[in-house]
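A.B. asks: Quick one, fold the following:
(one chain, ligands or ions: 1)
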Amino acid sequence: MFGLFKRRSSLCESGLLAGAIDNHSHILYGLDDGVKTWEESSAILTWMEELGLSEVWFTPHVMEDVPNTTEELKARYAELLSRYNGGLKTHLAAEYMLDNLFAKRLEQGDLLHHGGSLVLVETSTVAPPIGLWDILESMMCKGFRPLIAHPERYRYMSMSDYDRLSQMGCKLQLNLPSIVGFYGSSALERSKALLKKGMYSIVGSDCHRFKVLDRQYSAKELDKESIRLLRPLMTVVAEEI
Ligand SMILES: [Fe+2]
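C.D. replies: Just a heads-up that it's a prediction; the model follows:
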């Protein structure tokens, strides 16, 4: 009877956000399906600072449907920096879909690094791109280390696929909304299993909208075990993994 009422916390009240680094976000305005205006970018950054975060990586989508160029991303980032006077340390990278545009950018070496040689990459959640493992190998051969965005969301992956990613030297990035159930039970269960196995290196919000982020960070869904396992990941610096 007593076990039914195990206390759960939200990310906001867990203490996990103090000094935290958000390694994945779509809050650099007007570039993708994320935040559209400077005002919303500014509001989110202010809120994150109030919650105690220390650093945020802007990782706009780059894919065939959203073919942002490196120059466009850098120009918008410079524009944001000219307006932003808050206290968060910010960085620019990108989230690359492993598609034909990525193959071209990889060939040209035209990729924004996510610290050191890490490049944040994603796939569809339902099916891998043709030649997934070859693409990852060719990244490694060119000196880029794949940082796999939200692996827990890839329903086509098995545990042995996750092991293979780790063994070949890829790093895994947890989406915090996954661990509070925002993408459904499959992503929740996978994120818990990967967290328990110690397979994640860093975390991110994957924030697209202020209101959604607020709901995700306020949801009282974190058990004590998850908080304990998440704590060491929250402040890891990408360059050091
Ligand atoms: Fe994303």
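
A.B. asks: which element follows the strand or helix carrying W133 toward the C-terminus?
C.D. replies: According to DSSP states H and E, W133 maps onto helix 132-141. Of the helices and strands lying after helix 132-141 in sequence (DSSP H and E), the nearest is strand 145-149.

A.B. asks: Report the strands that pair with that next one, each with its relative direction.
C.D. replies: strand 118-122 (parallel), strand 171-175 (parallel) (DSSP bridges).

A.B. asks: got the contact list for the first one?
C.D. replies: Where contact means Cβ atoms under 8 Å, 6 or more residues apart in numbering, the residues beyond strand 118-122 that reach it are 23-24, 59, 93-98, 102, 111-114, 139, 144-150, 171, 173, 238-239, 241. From N, CA and C alone the C-beta is placed, and that goes for glycine too.

A.B. asks: wait, does it make contact with the ion?
C.D. replies: No: under the criterion of Cβ under 5 Å from the ion, the ion is not reached by strand 118-122; the shortest gap measures 6.5 Å.

A.B. asks: now that strand and helix 132-141, what's the angle there?
C.D. replies: 160 degrees (axes from the mean of the first three to the mean of the last three Cα atoms, to 10 degrees).

A.B. asks: Mind checking the pLDDT average for strand 118-122?
C.D. replies: If you average the pLDDT over strand 118-122, you get 98.

A.B. asks: And that strand, how far out from the chain middle?
C.D. replies: Relative to its chain's centre, strand 118-122 lies at 9 Å (Cα atoms, centre = their mean, to the nearest Å).

A.B. asks: Let me have the strands paired with strand 145-149 in TSV, extended by distance to S14.
C.D. replies: Listed next are the strands paired with strand 145-149 as TSV, based on distance: least, Cβ to Cβ, whole Å:
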stretch	distance to S14
strand 118-122	25
strand 171-175	14
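
A.B. asks: Any chance of the ones you listed in JSON lines with distance to T37 and mean neighbour count as columns?
C.D. replies: Shown next, in JSON lines, are the strands paired with strand 145-149 (distance: least, Cβ to Cβ, whole Å; neighbours: other Cβ atoms under 10 Å):
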{"stretch": "strand 118-122", "distance to T37": "24", "mean neighbour count": "24"}
{"stretch": "strand 171-175", "distance to T37": "23", "mean neighbour count": "23"}
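
A.B. asks: what's the nearest residue to M139 if we skip its chain neighbours?
C.D. replies: P146 (5.3 Å; Cβ to Cβ, 6 or more residues apart in numbering).

A.B. asks: wait, I meant G30
C.D. replies: Here the residue nearest G30, using Cβ to Cβ, 6+ apart, is K36, at 5.9 Å.

A.B. asks: Can you report how many residues lie near the one you found?
C.D. replies: When counting by other Cβ atoms under 10 Å, one arrives at 13 neighbours for K36.

A.B. asks: Check K89 too.
C.D. replies: Residue neighbour count, defined by other Cβ under 10 Å, stands at 11 for K89.

A.B. asks: ok, the closest residue to it other than its chain neighbours - contacts?
C.D. replies: Nearest non-adjacent residue to K89, counting by Cβ to Cβ, 6+ apart: E55, 4.3 Å away. Shown in contact with E55 (Cβ under 8 Å, 6+ apart): 21-22, 88-91.

A.B. asks: Quick check: bridge partners of E55?
C.D. replies: The partner list for E55 in beta bridges (DSSP bridges) reads I21, K89.
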